[in-house]
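Chemist: Please work out how this folds:
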Amino acid sequence: MSYYQRHLFFCTNCREDGNCCENYGASRMRDYAKQRSKELGIAGPGGVRVNIAGCLDRCNEGPVAVVYPDAVWYTYVDEEDVEEIVQEHLVNGRVVERLRI
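Modeler: Got it, this is the predicted structure:
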């Protein structure tokens, strides 16, 4: 069994050309997801880990986040979108198709 059931990685990179996830509040959305995973009791060994990532190289589809080991890529706009990813994918194991890239 793996140490974490799932990892949620948020690209927080900022490119010199300005085309970057951080311009969409990626760090703030990562902080929100991390806090929610703790509040929901799913954070930690055997559960979920929410991390930042460097460039995930999907800048034109950003902002982006990815859930591993499921290899599901998401885009999002606001906290409601991130909340849906947390609730549906991380808690219930269901892919949020409307946000899937």
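Chemist: Please make it C-alpha for all contacts and neighbour counts, starting now.
Modeler: Will do.
Chemist: G41: which element?
Modeler: G41 is part of no helix or strand, with elements assigned from DSSP states H and E.
Chemist: Next one: it from L90, what distance?
Modeler: G41 sits 11 Å away from L90, going by CA to CA, to the nearest Å.
Chemist: Repeat that for Y74.
Modeler: Distance from Y74 to L90, by CA to CA: 13 Å.
Chemist: Show me which of G41 and L90 is the more surrounded one.
Modeler: Ranked by neighbour count (other CA atoms under 10 Å), G41 and L90 place L90 first, with 23 against 12.
Chemist: Pretty sure that one sits against Q5.
Modeler: No - with contacts counted by CA atoms under 8 Å, L90 stays clear of Q5, the gap being 9.1 Å.
Chemist: Mutual contacts of those two, please.
Modeler: V48 (CA atoms under 8 Å, 6 or more residues apart in numbering).
Chemist: roughly how far out does the helix ranked longest in the chain sit from the chain middle?
Modeler: Criterion DSSP state H: the longest helix present in the chain is helix 26-39. Distance of helix 26-39 from its chain centroid, counting by CA atoms, centre = their mean, to the nearest Å, is 9 Å.
Chemist: which outside residues touch it?
Modeler: Residues outside helix 26-39 that contact it (CA under 8 Å, 6+ apart) are 10-12, 43, 48-52, 63, 78-79, 82-83, 86.
Chemist: ditto for stretch 85-95
Modeler: Contact with stretch 85-95 is made by 6, 33, 36-37, 42, 48, 72, 96, as judged by CA under 8 Å, 6+ apart.
Chemist: All the strands of this protein, residue numbers only.
Modeler: 6-11, 48-53, 64-68, 72-75 (DSSP state E).
Chemist: Show the average pLDDT along the second one.
Modeler: Going back to what we said before, that points to strand 48-53. Average pLDDT, strand 48-53: 96.
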